[in-house]
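> Structure for the following, please:
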Amino acid sequence: MNVALARPEATLDSRYDAPEGWLYMTGMQALVRLPIQQRLRDAAQGLNTGGYISGYRGSPLGRYDIELWRAAPLLKGHNIVFRPGLNEDLAATAIWGAQYLNSFPGATVDGVFGIWYGKGPGVDRSGDALRHANFTGASPKGGAIALAGDDHGAKSSTAVNFSDTSFIAVGMPVIYPSNTQELLDYGLHGIAMSRFSGCWVGMKVVTDVAEGGGTVYVGPDSPKIVIPERQSSPPGGFGARTIDAPVAQEERLYNHKLPAALAYARANGLNRIVGDGAGARIGVVAAGKAWQDLLQALGNLGLADNGASLGLRLLKVGMVWPLDPVIVRDFADGLDLVVVVEEKRPLIEDQMRSILYGAPAAPRIVGKYFDGGAFDPLQGAPAIPNYGEISPELIAAVLVKALSRHDPNCGLSAPALPGAALSNRPAPMRSPGFCAGCPHNRSTPVPEGSRALAGIGCHWMATLVNPQQTATASHMGGEGTMWLGQQPFTRQDHVFANIGDGTYAHSGSLAIRQAIAADVPITYKILFNGFVSMTGGQPIEGGMTPVQILSDLSAEGVKKLAAALP
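A predicted model of the protein is given here:
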């Protein structure tokens, strides 16, 4: 058949308003389609719901707010409200409040589903709000997911991010998409899981997935969602309630809500066994970005069939915590060796060891080390690193070593790595510097003999431009506060601290209030430019002018104020 099939006219908005079909989207655009798709599904089921999105920007989710603003008319038409938070924990608290909506008179919808977003440091600072919200619970016709933008390689961060353990600390199930399709699908599953279990659901979004793109299928019943039968039900149900007790919340979370989340993951195949070769004796496990790296590694080894020709059994994990013991036991049955491929901490590996401990003929596990426990390097050689990022080449090398130890006749050899750069032709070094015309060229220098403390923002580059004058940087909102611990014990009598106007609005005003309360000699330089330049030039929440900031500081008790014009 040589007749071309007719295709409907496509526009840039098709990725958001096309009811069904294959569409190209970036990771950020898939997250914009997510609430729209949820509303379409709800409407098809006769539910009158609303959506509320809030959070705070930061790479790799630095452009999420920009994409949401661009789609504002479409969002409004679906009764979805996007309201950026002044900071991450206040945004989480607003979504927490939305889960109470139907406990009070006057609600205009059946429920509100919430989408919170924040970079890894935003997850850290929001632990209190996320803990309270998750212990309280989600509305059965609302639901809430928390998107954590994790920068595993610290490409645009002052510290590496690994939000899994932060979510686990507050008892929140963690799902981990590996590509653009799964950003949409897992987001929809996350909201459904939240409604069914009463849990908030954390969704880990790493740089490669957030900044990637791909062809995505959307449809009224894609993905297919299965609601399992409940195995237990706590008194009063799973959802949020206005009057509650802390111990009762804890009991409900760990005895009922998390088991319900596991039941949902099991019923919907979020974890699945792939390529179970006949008589498989070796298994490999991965999740998220590591899954894509694993598939590439297998291809590099000539195993484009996902290892089936070698008799490998693969386990793709979609919900990394709590790990489903049923699928782990099914996967491990008959295996002699399991290789766990994961970045950062041995989260999946430790759960697998716990699940299989004491089981007859349990397989040997290789994860962070070839032998011994995950944090016992004296007992084994390192395998998958617990720091930085991993690559298909590294995974291929580890697989070859592990499989060759298990079976010297397996016939595998690691592919040659790319050649090193010629040592006699080094790459040119570029000295760091601010953009031409940037006010930071003039605002960050300090008088000779003085020093400044840095913080989060473009002005942090002053530590690279002149490290003799500007050194050490705090987390966002802690600018200058390091000086309080130094001042009583040094002959230095004064320091400067740089703080951007965006940080001032986010949380930095509290750092200045702390300096006032401690009555220490410090000069804050508030670097005003009226927008957030690091992540795309977004407007600053609240939009305070220099005069308003000066008035604010005067009311706080700052002893001397001055304004410098560019």
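
> counting contacts, what elements does the helix or strand containing residue 403 pack onto?
Under the criterion of DSSP states H and E, residue 403 resides in helix 392-406. Here helix 392-406 touches strand 282-287, helix 288-300, strand 337-341, going by 3 or more C-beta pairs under 8 Å, 6 or more residues apart in numbering; DSSP states H and E. All C-beta spots, glycine's among them, are computed from the backbone N, C-alpha and C.

> hmm, which helix or strand of this protein has the shakiest average pLDDT?
Least confident helix or strand, the chain: strand 531-532 with a mean of 82, by mean pLDDT, DSSP states H and E.

> got the buried residues for the helix holding residue 403?
For helix 392-406, burial by neighbour count (16 or more other C-beta atoms under 10 Å) applies to 392-403.

> where does the stretch 451-566 of the chain dip in pLDDT?
Applying pLDDT under 70 to the stretch 451-566 of the chain picks out residues 566.

> ugh, wrong one, I meant the chain
1-8, 277-278, 372-379, 416-428, 566.

> just to revisit the earlier point, now mean neighbour count and distance to residue 250 too, for the helices and strands packed on helix 392-406, in CSV please.
Shown next, in CSV, are the helices and strands packed on helix 392-406 (neighbours: other C-beta atoms under 10 Å; distance: least, C-beta to C-beta, whole Å):
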stretch, mean neighbour count, distance to residue 250
strand 282-287, 26, 27
helix 288-300, 22, 29
strand 337-341, 24, 30
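
> Among these, which comes closest to residue 440?
helix 288-300 (33.7 Å; C-beta to C-beta).

> can you count the residues close to the closest residue to residue 543 other than its chain neighbours?
Distances taken as C-beta to C-beta, 6 or more residues apart in numbering place residue 530 nearest to residue 543, at 7.9 Å, with adjacent residues excluded. Residue 530 has 14 neighbours, counted by other C-beta atoms under 10 Å.

> Give the buried residues for the host helix or strand of residue 43.
Using DSSP H and E, residue 43 sits in helix 27-44. Within helix 27-44, the residues scored as buried using 16+ other C-beta under 10 Å are 27-42.

> with the residues you listed in mind, which one is nearest to residue 127?
residue 31 (22.6 Å).

> My read is that that closest one contacts residue 63, right?
No. Using C-beta atoms under 8 Å, residue 31 and residue 63 do not qualify as a contacting pair, with a distance of 9.9 Å.

> roughly how far is stretch 348-359 from the heart of the chain?
25 Å (C-alpha atoms, centre = their mean, to the nearest Å).

> how many neighbours does residue 509 have?
Other residues close to residue 509 by other C-beta under 10 Å number 19.

> what about the nearest residue to it once chain neighbours are set aside, which helix or strand?
Spatial nearest neighbour of residue 509, excluding adjacent residues (C-beta to C-beta, 6+ apart): residue 552 at 7.1 Å. Assigned by DSSP H and E, residue 552 belongs to helix 546-556.

> Show me what counts as buried in that helix.
Quick answer for helix 546-556 (16+ other C-beta under 10 Å): 549-550, 553.

> so what secondary structure elements neighbour it?
By 3+ C-beta pairs under 8 Å, 6+ apart, helix 546-556 packs against helix 509-518.

> how big is the angle separating the helix it packs on from helix 546-556?
Computed by axes from the mean of the first three to the mean of the last three C-alpha atoms, to 10 degrees, the angle separating helix 509-518 from helix 546-556 equals 30 degrees.

> Now do helix 509-518: distance to the chain's middle.
With C-alpha atoms, centre = their mean as the basis, the mean position of helix 509-518 lies at 30 Å from the chain mean.

> Could you check how far residue 138 is from residue 314?
32 Å (C-beta to C-beta, to the nearest Å).

> Neighbour count for these two, which is higher?
residue 138 (32 against 23).

> can you pull the contacts of that one?
99, 144, 194-195, 197-200, 239-240 (C-beta atoms under 8 Å, 6 or more residues apart in numbering).

> and these, which of them are in helices?
The helices, defined by DSSP state H, take in 194-195, 197 from these.

> Ranking by neighbours, what's the top pick from these?
residue 194 (32 neighbours).

> Chain neighbours aside, what residue packs nearest to that one?
Per C-beta to C-beta, 6+ apart, closest to residue 194 is residue 143, 3.6 Å.

> What backbone torsions are found at the one you found?
For residue 143, the backbone dihedrals (degrees, to the nearest 10) come out as phi 90, psi 160.

> thought it was touching residue 110?
No. Residue 143 lies out of contact with residue 110 (C-beta under 8 Å); the separation is 11.7 Å.

> Cool, thanks, talk later.
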